[in-house]
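> Sequence first, predicted model second:
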Amino acid sequence: MSQQEHATEQRIEKGIGWLATIASFVINIALVYPMLAVGYPCKEPLIRAWQLDRKAEDYVHSADNIKLLKGLVLCMYAGALFCLFFVAPSKSVWFERYAWMLTSVFTAAGAAFVYNVIHWVGKLSEDPDVKRRAAGHAAEAHVKAVIDSLGLVYPGSRALHGTLLVFDSKSPGESHFSVELDHLFVTGHNCYLLETKYRNATVHAEATATEWKATGSDGKEGVMRNALLQAKNSARVLEKQLSLPYKLVPIVVIHGEHTQIVDGPANVVRSDRLPDLIAAFEQVEAANTLDPAALFARLRTYMATGEEAMQQHIERANLAKRRAEAKAIVNATSR
């Protein structure tokens, strides 16, 4: 190869190298940086598709973990840029150099996208609705642990948690109706249906009131639905659909660091008082004879799982709520 041909080849290779560098920079600007923007066009669809609001519940009380993850991804992003602009150009073999460039670009793009997802999760974890759901799930997990510990106290007992039961209805116009159980605890003497709520407040739990007043430690007042009526209704449904020869015991368990219950019946309790309530029933009504295994075998035929079943349950519940509200309005009119 002549010297002129060698020089021409070097100029071509150098030109290709510059073009590759410019192309990498353009790709980085056009692809990576928009992903870092909070207003990324795919934000809302991805949040819904990946259910990031549910994942955010795990980070409601761990903002430091979000910061740590974002820091690690930023280090990965910075490393990719360093390889793109410093390591790749230093490679003498053109194939190796371009491989480093492409790898660095896609690594930077991936890191930016992951950073954006983590950022969305962090923002969602600060949303009041997400915080409320996280507190509710934490309360249910706490009560579940209490009930599971009671299983050691009462041998042969059985427990269900977070279960959806779907029954065939003979009512005209409706083919199905459903009941969502927070917890069901069955011993050899009693069957307890438990509804769990989170309220870090003083709750005025009047048995017949439509709503309960809740006063927070900061003096702020609010209301919550009468969960005892909800538990009683669920208990009646199970008794009727399963043709049970005994009554279920409806219980409302309220969990919270500063929870206080006033004006309420004995079956509305703080989570730490639940074992005492169960012990009282087991002692007083010890003459009852139940078969927990047989009851659970019957319940399994009505259990439904999956997002579709839960969505249908929510729609049925919302429809029933709207009907009840309409009926209340009609009944309150003066004729």
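Noted; the coordinates are in hand. Residues are numbered from 1 along each chain as shown.

> Could you list the low-pLDDT ranges of the stretch 101-250 of the chain?
Applying pLDDT under 70 to the stretch 101-250 of the chain flags the ranges 169-176.

> which residues does the residue lying closest to Pro250 once chain neighbours are set aside contact?
Distances taken as C-beta to C-beta, 6 or more residues apart in numbering place Ala231 nearest to Pro250, at 3.7 Å, with adjacent residues excluded. For glycine as for every other residue, the C-beta is placed from the backbone atoms N, C-alpha and C. By C-beta atoms under 8 Å, 6 or more residues apart in numbering, the residues touching Ala231 are Leu193, Leu194, Glu195, Pro250, Ile251, Val252.

> Just the ones of those in helices?
Per DSSP state H, helices hold no members of the contacts of Ala231.

> So what's the gap between the strand or helix carrying the residue nearest to Pro250 and the chain middle?
Assigned by DSSP states H and E, Ala231 belongs to helix 227-241. Relative to its chain's centre, helix 227-241 lies at 25 Å (C-alpha atoms, centre = their mean, to the nearest Å).

> Can you list the buried residues in that helix?
Ala227, Leu228, Leu229, Gln230, Ala231, Lys232, Ser234, Ala235, Val237, Leu238, Glu239, Gln241 (16 or more other C-beta atoms under 10 Å).

> what are the ranges of the strands in this protein?
Applying DSSP state E to the chain gives strands spanning 158-168, 176-186, 191-198, 201-204, 211-216, 221-225, 249-255, 260-262, 268-270, 303-304.

> out of these, which comes closest to Ile118?
Ile118 lies closest to strand 191-198 among the strands of the chain, at 26.7 Å (C-beta to C-beta).

> how far does stretch 298-315 stretch from start to finish?
End-to-end distance of stretch 298-315 (C-alpha to C-alpha, to the nearest Å): 25 Å.

> er, stretch 199-210 actually
17 Å.

> likewise stretch 268-287?
24 Å.

> next one: stretch 183-199
Note: stretch 183-199 ends 18 Å apart using C-alpha to C-alpha.

> which residue is nearest the centroid of the protein?
Geometric centre of the chain, nearest residue: Arg54, 4.0 Å, by C-alpha atoms, centre = their mean.

> Please report how far it lies from His137.
Taking C-beta to C-beta, to the nearest Å as the measure, Arg54 falls 9 Å from His137.

> How about Asn65?
Relative to His137, and taking C-beta to C-beta, Asn65 is found at 18 Å.

> Of the two, which one has the most company?
His137 (17 against 14; other C-beta atoms under 10 Å).

> surely that one meets Val60?
No. His137 is beyond contact range of Val60, at 9.8 Å (criterion: C-beta atoms under 8 Å).

> Just the buried positions in the longest helix anywhere in the chain, please.
For the chain, the longest helix by residue count, based on DSSP H, is helix 94-124. Going by neighbour count (16+ other C-beta under 10 Å), the buried part of helix 94-124 is 97-98, 100-102, 104-105, 107-122, 124.

> picking that back up, taking their axis directions, the helix holding Ala231 and strand 158-168 sit at what angle?
Taking axes from the mean of the first three to the mean of the last three C-alpha atoms, to 10 degrees, one finds helix 227-241 and strand 158-168 inclined to each other by 70 degrees.

> hang on, the earlier thing: show me what the longest helix of the chain is packed against.
helix 3-27, helix 33-36, helix 43-49, helix 52-56, helix 63-82 (3 or more C-beta pairs under 8 Å, 6 or more residues apart in numbering; DSSP states H and E).

> Test my guess that Val87 contacts Arg97.
No. At 9.2 Å, Val87 does not count as touching Arg97 under the criterion of C-beta under 8 Å.

> Could you check how far the residue nearest to Pro250 is from Ala207?
The gap separating Ala231 from Ala207 is 11 Å, by C-beta to C-beta.

> Domain-wise, how is the protein divided?
For the chain, automatic domain parsing gives the domain ranges 3-126, 130-304.

> Of those domains, which stretch is the most buried?
Across the domains of the chain, the average number of neighbours (mean count of other C-beta atoms under 10 Å) peaks for domain 130-304, which reaches a mean of 17.

> For that domain, measure first residue to last.
Note: domain 130-304 ends 25 Å apart using C-alpha to C-alpha.

> before we move on, what about stretch 186-193?
Rule used - C-alpha to C-alpha; the end-to-end distance of stretch 186-193 is 9 Å.

> Repeat that for stretch 83-103.
One end of stretch 83-103 to the other measures 9 Å (C-alpha to C-alpha).

> Can you name the residues that contact Glu140?
Residues in contact with Glu140 (C-beta under 8 Å, 6+ apart) are His161, Gly162, Asp182, His183, Thr196.

> again with Leu46
Leu52, Val117, Trp120.

> Please report how far Gly264 lies from His204.
For Gly264, the distance to His204 equals 8 Å [C-beta to C-beta].

> To clarify, my last question referred to Asn65.
Asn65 is 37 Å from His204, by C-beta to C-beta.
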